[in-house]
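Colleague: Structure of the sequence below:
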Amino acid sequence: VQLVESGGGSVQSGGSLRLSCAASGYSTNRSYLAWFRQVPGKEREGVAFIMRYGSTSYADSVKGRFTISQDNAKNTLYLHMNSLKPEDTAMYYCAADRFFGGLEWRGYTYWGQGTQVNVSS
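Modeller: Presented below is the predicted three-dimensional model:
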């Protein structure tokens, strides 16, 4: 199983990015999928997750700005990030699990290597 994130980069405050997480050796269909982020010295933070049948949930800090989605035909998870703020700067990780979901990182089995997002003011 391999999860590979891409799409990170440097943007100015107010800008947008779309992160992708391509899964190989694993079907995103009927799985719990999530995005997390982490800055050095802080605990990994749940950003958004999508349940097996499409329901989504977001951290309060990103509600109305970020959208999680998946394309099962491409076995890919996305995070559309709009109105980015400097406090969104972090390493972003995707995670997947067959049986566990939510914004708590400890229960997920599979993780990507991360993609860095930098937002300047």
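Colleague: Tell me which helix or strand the spatially most central residue of the chain sits in.
Modeller: Nearest residue to the geometric centre of the chain (CA atoms, centre = their mean): Trp35, 2.3 Å. Element membership of Trp35 [criterion: DSSP states H and E] is strand 32-38.
Colleague: Assign a three-state SS to Cys47, would you?
Modeller: One correction, residue 47 is Val, not Cys. Using DSSP: H, G, I helix; E, B strand; the rest coil, the structure places Val47 in strand.
Colleague: how about it, what does it touch?
Modeller: Ala34, Trp35, Phe36, Arg37, Tyr58, Ala59, Val62, Phe66, Leu79, Tyr92, Leu103 (CB atoms under 8 Å, 6 or more residues apart in numbering). Placement of C-beta: from N, CA and C, glycine included.
Colleague: want to throw these into TSV with pLDDT and distance to Glu5?
Modeller: Putting the contacts of Val47 into TSV (pLDDT from 0 to 100; distance: CB to CB, whole Å) gives the following:
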residue	pLDDT	distance to Glu5
Ala34	97	12
Trp35	98	9
Phe36	98	11
Arg37	98	11
Tyr58	97	18
Ala59	98	18
Val62	98	17
Phe66	98	15
Leu79	98	9
Tyr92	98	7
Leu103	94	18
